[in-house]
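[1] Sequence plus predicted model, see below.
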2 protein chains.
Amino acid sequence: MDSTSDFLHLHRLGVDTHQEPVVYMRRDCHVCHAEGFNAQSRIKIMTDHHSIIATLNIVDSEIISHQQAGLSETAWRLLHAQEGEVATFGHAKPVESTAFVRGKLFGKLLSDESAYSIVQDIREGRYSDIQLAAYITACAGQGLNVNEVIAITKAMVATGKRFQWSGQEVFDKHCVGGLPGYRTTPIVVAIASACGLIMPKTSSRAITSPAGTADTMEVMTPVTLSFEHMREVVEQHGACLAWGGSVNLSPTDDVVIRVERALDIDSEGQLVASVLSKKIAAGATQVLIDIPIGPTAKIRTQEAAAHLQKLMVATGEALGIKVHAITSDGTQPVGRGIGPVLEARDVLTVLRCEPEAPTDLAERSLVLAGALLELAHKAQPGEGFKLAQKTLWSGKALDKFMAICESQGGFTEPELAAQQHTITASQHGIISYIDNRFIARLARLAGAPEVKAAGVEMHVRLGDAVEVGQPLFTLHANAPGELAYALDFLQLHPEAVRIEEEYL
Amino acid sequence: MDSTSDFLHLHRLGVDTHQEPVVYMRRDCHVCHAEGFNAQSRIKIMTDHHSIIATLNIVDSEIISHQQAGLSETAWRLLHAQEGEVATFGHAKPVESTAFVRGKLFGKLLSDESAYSIVQDIREGRYSDIQLAAYITACAGQGLNVNEVIAITKAMVATGKRFQWSGQEVFDKHCVGGLPGYRTTPIVVAIASACGLIMPKTSSRAITSPAGTADTMEVMTPVTLSFEHMREVVEQHGACLAWGGSVNLSPTDDVVIRVERALDIDSEGQLVASVLSKKIAAGATQVLIDIPIGPTAKIRTQEAAAHLQKLMVATGEALGIKVHAITSDGTQPVGRGIGPVLEARDVLTVLRCEPEAPTDLAERSLVLAGALLELAHKAQPGEGFKLAQKTLWSGKALDKFMAICESQGGFTEPELAAQQHTITASQHGIISYIDNRFIARLARLAGAPEVKAAGVEMHVRLGDAVEVGQPLFTLHANAPGELAYALDFLQLHPEAVRIEEEYL
């Protein structure tokens, strides 16, 4: 670019395109003309100090002038742009690593080098949404072998920040989702750290579920912590409950998760890479993985669970951490609430040892905490559960949880949604089936996880006897439109909960 | 939606987002607030007469008011919107057919029903770009079996218009691309129709190549014909050379092609469905398919060609048409020019029997035209080539070609690009290798096919002896930036043409 007329002035257009950086130029501006840009061209934008790649939208109206290039919010942030700043523009070089994505589609395996190159390009914002969707689709299902998963995990660790905790065993736990309301993490972390374990816990937001642990924690305390803030919390209390994305431990993860969410697909390999890269980045040396199995859970069969266990352990080993993967019952939702606020309330009732605390959520948290306490040699084999129970009942876990929240920025009591609608039994009988996926989808249609208080509150569990008119579950939503939308869906798919006549 | 406050006024924002419909709303407008919309939400927009699904971009500036919803050009067109018209908004129901795409990723085959449902949803604009990318990626490589390809082909035929030509054999030809400059179609159609064959030819634009037949024809004559106009041209001349997208013969095809182009991937199954659905829609009863084979052509091995041939013939049979698939030499570019204008000039020199006409292009056109003439019993077996040659040399093919162009809207002589840069031999020797893919990529970097005159003009062929300084090929571009860009790429990848020392 040798001509000084090749620049435009940057203008913050105030358009939120989600994560994809978009640049807006007049069709007849001199840059479009000289460079032969078209709608959807991938453009390199250069200022004195930064450069990014953005997708072009062509403008035929007065929302920008011929001397301006409009930037979407993401483009503005990535480019660290100033209003009116001068920038030059060129065709973005083809992103070389997309050749590896194409290769993968045609049967070529990802190597350490190609995985690194892809992950690095995603991290730098060089992939368009279409390219991201292709990469994620190519990795979906059981599309990645163990070496590819290891390669992606390594790449995700290498492209993010990483905590080092000197000379200690550092613990972490993770549950492979799919079970609505299964929100053990805050309870397990509170118990384990109350017993002296180091647990710098980072969690994700929901992918296809109505809430992730980060979404749930966020209704009680800030989870978007800086790297330094997270370190302080852990140094003070031995644990934290932060959002992984905020500390940049695995920066490509949230980009991948956003597109997975838009596609409503999970990939086993991406799942393993996502989980373990964050554990490794958080400095964990021992990780407990819980895999619930059930016909409508994420993992439906013993075989699938065994495959995932093997992949988790092998990947952990290749990256120098010890992974303990256990399975559990995944036939129905856990706790009462499904959705950030409703789950947070369940967590609090357990920590506060209130009489309405869901027994299943408490039990399962104690099992996991107990396993961690045994791994850490805080309890003899077989004695972990009891120690966990003692710690919960003594109020030490609640104290620890509150201390962590205070340290993260303060505790807030979660508040229920404005709109509630209860579904009742239309016949008497026994609850014979609860569809986790439909329940989760209902919660999402009601607005979760974006709308924190939205979700589903279950009133029954498998095997319960119900009378006609007895409440089955309650929909929570903030807006009447969302409530109506969830009810519409329920009318089309009434089989979320099945009731069978009692056997005479 | 029971409240009258749930509407906004539509405003044409003048933003070209390519094919994806986008709607722009103020973050704090009452509709976003009431419905809980977020950036990238999929929104259903309803006016009195139409409804569409669009992706939401959230606006935090004054480019629209709180009472307005801005529409991208595509959204504006699909919704047949009027400035200021009132519309209501809701969450788009999840597109049901995306469940089939997810199923496909996890190993479930596409059925007639699921393929139809996907193709129909794509046709109706219900897929976001991310969802399109996932569908295309899932079908890429040899990801579709013959029954799935048949199902997609049927669906593509069923969702478009279709020509019926009463009581006659109708011919078509197609070349499976990958060979830069291989532009036989206009010549073959001119010869065959001059001999009385019915050839209502529709062609695509380029997917990953620097020019498709439609792109090349467009520099000489309009190719965007209405259904009725195309029928008139064929009734008058027995043939046409139109762009398939314009007559809506296979409406999902261009959407698929756009995303395939962005990803730079082809799928064998989509290729067969794309080709045959358009032939069937054009009313063809017999189709000649030419598959060039070469190490850098689209089809690289005899095995891959045989697989494709089988798939083509089986799919044709299932849909009631006869497919004749032949293979040819695909080791190097054909003709001299690569890019719409440069290829059009090659075509014209052949039709005009000019001395500089590329012999290879002429020969290969005659082989294909000859095969068609034999299939149509216009020539005895083995005599087709001679009849084709006679027709070309007599000027009848040129007359027919010009008549078709006139009938489509007039003939224009194609003009060369402003910027030209010739690459010369840096050593003497024999041309031992020409990389079709690099040559094609160079032409694209120079601006083809969007910039019609851009491309590459070859001066050498395999086996030619060259001296130092002798021209190898010339880059053509309209803008200095594009030329520089192509030259940059060439510097990184100088092996487009390899010269070896003469064997002593």
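    Received, thanks.
[2] Going by C-alpha atoms from here, please, whenever you check contacts or count neighbours.
    Will do.
[3] For stretch A:309-321, list every residue counted as buried.
    A:Q309, A:L311, A:M312, A:V313, A:A314, A:T315, A:G316, A:A318, A:L319, A:I321 (16 or more other C-alpha atoms under 10 Å in any protein chain shown).
[4] Contacts for that stretch, please.
    A:146, A:149-150, A:153-154, A:272, A:276, A:280, A:284-287, A:322-326 (C-alpha atoms under 8 Å, 6 or more residues apart in numbering or on different chains).
[5] Which of those fall within strands?
    The strands, defined by DSSP state E, take in A:Q286, A:V287, A:K322, A:V323, A:H324, A:A325, A:I326 from the contacts of stretch A:309-321.
[6] contacting residues for the fourth one?
    With contacts defined as C-alpha under 8 Å, 6+ apart, A:V323 is in contact with A:Q286, A:V287, A:L288, A:I289, A:M312, A:V313, A:G316, A:E317.
[7] what does the third one give?
    Shown here is A:K322, whose contacts under the criterion C-alpha under 8 Å, 6+ apart are A:T285, A:Q286, A:V287, A:V313, A:G316.
[8] Do you know the pLDDT at A:S5?
    For A:S5, the pLDDT comes out at 48.
[9] Repeat that for A:S274.
    88.
[10] What separation do you get for it and chain B?
    Noted for A:S274: a distance of 20 Å to chain B, by C-alpha to the nearest C-alpha, to the nearest Å.
[11] list the helices and strands the helix or strand hosting that residue packs on?
    Per DSSP states H and E: A:S274 is located in helix A:268-281. Using 3 or more C-alpha pairs under 8 Å, 6 or more residues apart in numbering or on different chains; DSSP states H and E as the contact definition, the elements that helix A:268-281 packs against are helix A:146-158, helix A:302-318.
[12] quick one: the residue nearest to A:L79 when sequence neighbours are not counted from A:P21, how far?
    Leaving aside its chain neighbours, A:L79 sits nearest to A:H50 (5.8 Å; criterion: C-alpha to C-alpha, 6 or more residues apart in numbering or on different chains). A:H50 sits 14 Å away from A:P21, going by C-alpha to C-alpha, to the nearest Å.
[13] The two: which has the busier surroundings?
    Taking other C-alpha atoms under 10 Å in any protein chain shown, A:H50 and A:P21 do not tie; A:P21 has more neighbours (26 against 12).
[14] I figured the more buried one was touching A:T74, is that so?
    Yes. With contact defined as C-alpha atoms under 8 Å, A:P21 counts as touching A:T74 (5.1 Å).
[15] So which bits of the stretch 51-200 of chain A are right by chain B?
    A:56-61, A:63, A:90-91, A:98, A:102, A:105-106, A:129-131, A:133-134, A:137-138, A:140-142 (C-alpha under 8 Å from any C-alpha of the partner chain).
[16] Over to the stretch 401-504 of chain A?
    With C-alpha under 8 Å from any C-alpha as the criterion, the stretch 401-504 of chain A meets chain B at residues A:G447, A:V451, A:A479, A:P480, A:G481, A:E482, A:Y485.
[17] same thing but 7 Å
    Neighbours of chain B within the stretch 401-504 of chain A, by C-alpha under 7 Å from any C-alpha of the partner chain: A:A479, A:G481, A:E482.
[18] Export those to JSON lines and append columns for pLDDT, neighbour count and secondary structure.
    Shown next, in JSON lines, are those (pLDDT from 0 to 100; neighbours: other C-alpha atoms under 10 Å in any protein chain shown; DSSP: H, G, I helix; E, B strand; the rest coil):
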{"residue": "A:A479", "pLDDT": "86", "neighbour count": "20", "secondary structure": "coil"}
{"residue": "A:G481", "pLDDT": "82", "neighbour count": "21", "secondary structure": "helix"}
{"residue": "A:E482", "pLDDT": "83", "neighbour count": "25", "secondary structure": "helix"}
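[19] and which of those residues is nearest to B:V367?
    Minimum distance to B:V367 across these is 64.0 Å, recorded for A:E482 (C-alpha to C-alpha).
[20] how about the residue nearest to the closest one when sequence neighbours are not counted, what does it touch?
    Excluding its sequence neighbours, the residue lying closest to A:E482 (C-alpha to C-alpha, 6+ apart) is A:A446, at 5.0 Å. Each residue near A:A446 by C-alpha atoms under 7 Å, 6 or more residues apart in numbering or on different chains is listed here: A:A454, A:G455, A:H476, A:A477, A:E482, A:L483, A:A486.
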